[in-house]
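Trainee: okay, structure incoming, though there's no sequence with it:
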């Protein structure tokens with residue numbers, strides 16, 4: 001009897017929930033990481049379908065398919081869903097999966113908080129997408145939520161504000177978890193300057209999130225009280241200033257851009273050494289460059305506002321500080337290129353995405369330098385040139401970084417290799433169509449086509465048609481991605497999980513993950529570390 005009860009107690013202790021309970025009550029970092037990634041993929045397609053509505057309407061001049069109000073709602077919702085629903089949860093999913101393994105921790109530091117920070121998101125986005133079905137329609141004031149435009153949407157306005165608060169809460173909780181895990185749970189011998197670059201970029205990203213998300217919360221709360229409680233923070237008639245909202249919003253919004261891109265720097269810094277068979281060139285310089293970019297991101301916010309009438313001294317300061325960001329970014333691009341120099345390079349899908357990231361993100365960086373020049377920005381401001389610039393940063397930048405990371409680590413996660421031919425087809429279709437989609441928008445902007453308009457003058461027709469064709473091509477090619485992952489999980493060729501990229505694919509130089517920290521009986525020797533055992 002005693003043996004039976006002891007066995008029962010042991011079973012209770014080892015009991016793992018199955019079915020829906022495994023996911024709802026998940027505290028395992030891999031399960032939560034998977035949920036984040038699946039959620040991000042779903043939001044990617046919902047946000048992408050809204051972009052398709054935009055490109056369909058802009059295929060030719062005149063109003064064809066949607067009214068101007070719905071068109072503006074699509075531009076607003078597309079941006080909010082892609083930024084807060086697709087890119088940020090995808091990065092958090094990759095962080096959940098990889099950071100414990102890369103620093104040698106058994107799990108994230110705060111597993112229940114981890115669960116909570118994920119489950120906020122489905123409710124936040126149900127609320128946001130629900131605005132499409134309320135009287136007055138979805139928010140149509142742009143993702144920047146500038147007053148007084150954003151206040152004109154009736155019932156959807158408070159839903160938008162509450163949804164933004166929930167997204168911010170989720171991001172702050174996730175960031176706290178990342179910081180605590182990295183600072184407190186590293187394996188013995190894993191000093192900060194031995195951490196993989198992905199861990200470093202996420203540590204810096206987490207600090208950015210903790211610093212700026214409360215700023216966004218403050219801005220939207222002031223909007224809410226202006227609308228419902230008679231305050232006049234941003235209402236000129238009561239002594240307020242709508243431009244103050246822009247200052248507060250962009251103090252959040254510019255670091256946010258780096259929140260979206262820094263983890264991609266980390267992933268590319270892991271992929272390029274592996275497929276070049278060389279250690280990363282200038283590891284410490286990469287760490288300091290990342291930290292410099294994060295610091296500078298706090299002091300450049302008003303380059304989004306050159307046309308509001310700020311003093312010349314302020315315009316000069318924001319112009320020069322913006323150009324300063326090109327220096328640490330240039331260090332990164334140089335180091336990635338130097339890593340590949342005279343390496344034994346092979347072009348598997350992760351490397352292809354990393355190389356496309358390198359070329360196309362750099363195009364986005366150069367157009368950003370053009371936008372930083374005050375007199376030039378007067379011409380580019382609120383044209384399609386700006387749209388082309390930030391989409392070159394966020395699609396071949398952030399999105400390609402995420403896809404490269406998934407292709408790099410998926411064999412390690414599931415123990416199977418995906419269909420190489422299909423993955424390369426996905427890469428080439430994506431790369432060709434992303435350029436057909438966004439490159440013509442530079443020409444449209446330089447010719448003077450304003451952004452966020454549902455109709456346009458006939459001289460802009462040809463390039464809009466090209467751009468829309470690229471948009472539909474890019475959107476359809478993304479359907480390969482979930483299919484490829486599903487096929488890999490179900491019927492992929494088994495690989496060695498600790499070294500998924502060696503053997504069959506000719507890769508001998510490999511960066512295996514460390515053993516869990518509790519399996520180190522003594523701190524690892526410098527020789528072990530030098531071999532890359534912590535990557």
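Mentor: Structure received. Keep in mind that this is a model prediction, so the values were computed, not measured.

Trainee: pLDDT-wise, which helix or strand of this protein ranks last?
Mentor: helix 526-530 (a mean of 41; mean pLDDT, DSSP states H and E).

Trainee: residue 62: what's it in contact with?
Mentor: residue 455 (C-beta atoms under 8 Å, 6 or more residues apart in numbering). Backbone N, C-alpha and C define where each C-beta goes, glycine included.

Trainee: strands of the chain, start to end?
Mentor: 416-417, 493-494 (DSSP state E).

Trainee: lowest-confidence stretch among these?
Mentor: Of all the strands of the chain, mean pLDDT reaches its minimum on strand 493-494 (a mean of 90).

Trainee: thinking again about what came up before, buried deepest among the strands of the chain, which one?
Mentor: strand 416-417 (a mean of 18; mean count of other C-beta atoms under 10 Å).

Trainee: pairing partners for that strand, with directions?
Mentor: strand 493-494 (antiparallel) (DSSP bridges).

Trainee: re earlier: can I get the strands of the chain in TSV including distance to residue 430?
Mentor: Shown next, in TSV, are the strands of the chain (distance: least, C-beta to C-beta, whole Å):
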stretch	distance to residue 430
strand 416-417	20
strand 493-494	23
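
Trainee: between those, which one is closest to residue 77.
Mentor: strand 416-417 (35.9 Å; C-beta to C-beta).

Trainee: ok, the closest residue to residue 95 other than its chain neighbours - contacts?
Mentor: Spatial nearest neighbour of residue 95, excluding adjacent residues (C-beta to C-beta, 6 or more residues apart in numbering): residue 202 at 5.0 Å. For residue 202, the contact set (C-beta under 8 Å, 6+ apart) comprises 91, 95, 99, 178, 182, 262-263, 266.

Trainee: and those residues, which is closest to residue 133?
Mentor: residue 91 (29.6 Å).

Trainee: residue 30 reaches residue 97, doesn't it?
Mentor: Yes - the pair residue 30 and residue 97 qualifies as a contact (C-beta atoms under 8 Å) at a distance of 5.9 Å.

Trainee: which one of those two has more residues nearby?
Mentor: residue 97 (23 against 15; other C-beta atoms under 10 Å).

Trainee: what is the burial count for the closest residue to residue 282 other than its chain neighbours?
Mentor: Of all residues not flanking residue 282 in the chain, residue 335 sits nearest, at 4.3 Å (C-beta to C-beta, 6+ apart). As a burial measure, residue 335 scores 18 neighbours (other C-beta under 10 Å).

Trainee: not counting its neighbours along the chain, what's nearest residue 102?
Mentor: residue 196 (4.8 Å).

Trainee: just to check, the one you found is in contact with residue 104?
Mentor: No - between residue 196 and residue 104 there is no contact under C-beta under 8 Å: 10.9 Å.

Trainee: and the two? Which one has more around it.
Mentor: The residue with more neighbours, out of residue 196 and residue 104, is residue 196; 26 against 23, by other C-beta under 10 Å.

Trainee: what pLDDT does residue 257 get?
Mentor: Residue 257 is given a pLDDT of 96.

Trainee: right, and it touches residue 296 too?
Mentor: No - counting by C-beta under 8 Å, residue 257 does not reach residue 296; the two are 11.8 Å apart.

Trainee: and the residue nearest to residue 102, how far from residue 498?
Mentor: According to C-beta to C-beta, to the nearest Å, residue 196 stands 15 Å off from residue 498.

Trainee: just residue 36 next, same as before
Mentor: 24 Å.

Trainee: these two: which has the busier surroundings?
Mentor: residue 36 (26 against 11).

Trainee: tell me the contacts of that one?
Mentor: Going by C-beta under 8 Å, 6+ apart, the list of residues near residue 36 reads 89-90, 92-93, 96, 118.

Trainee: just curious, which of those residues is nearest to residue 407?
Mentor: So of these, ranked by how close each gets to residue 407 (C-beta to C-beta), first place is residue 90, at 13.2 Å.
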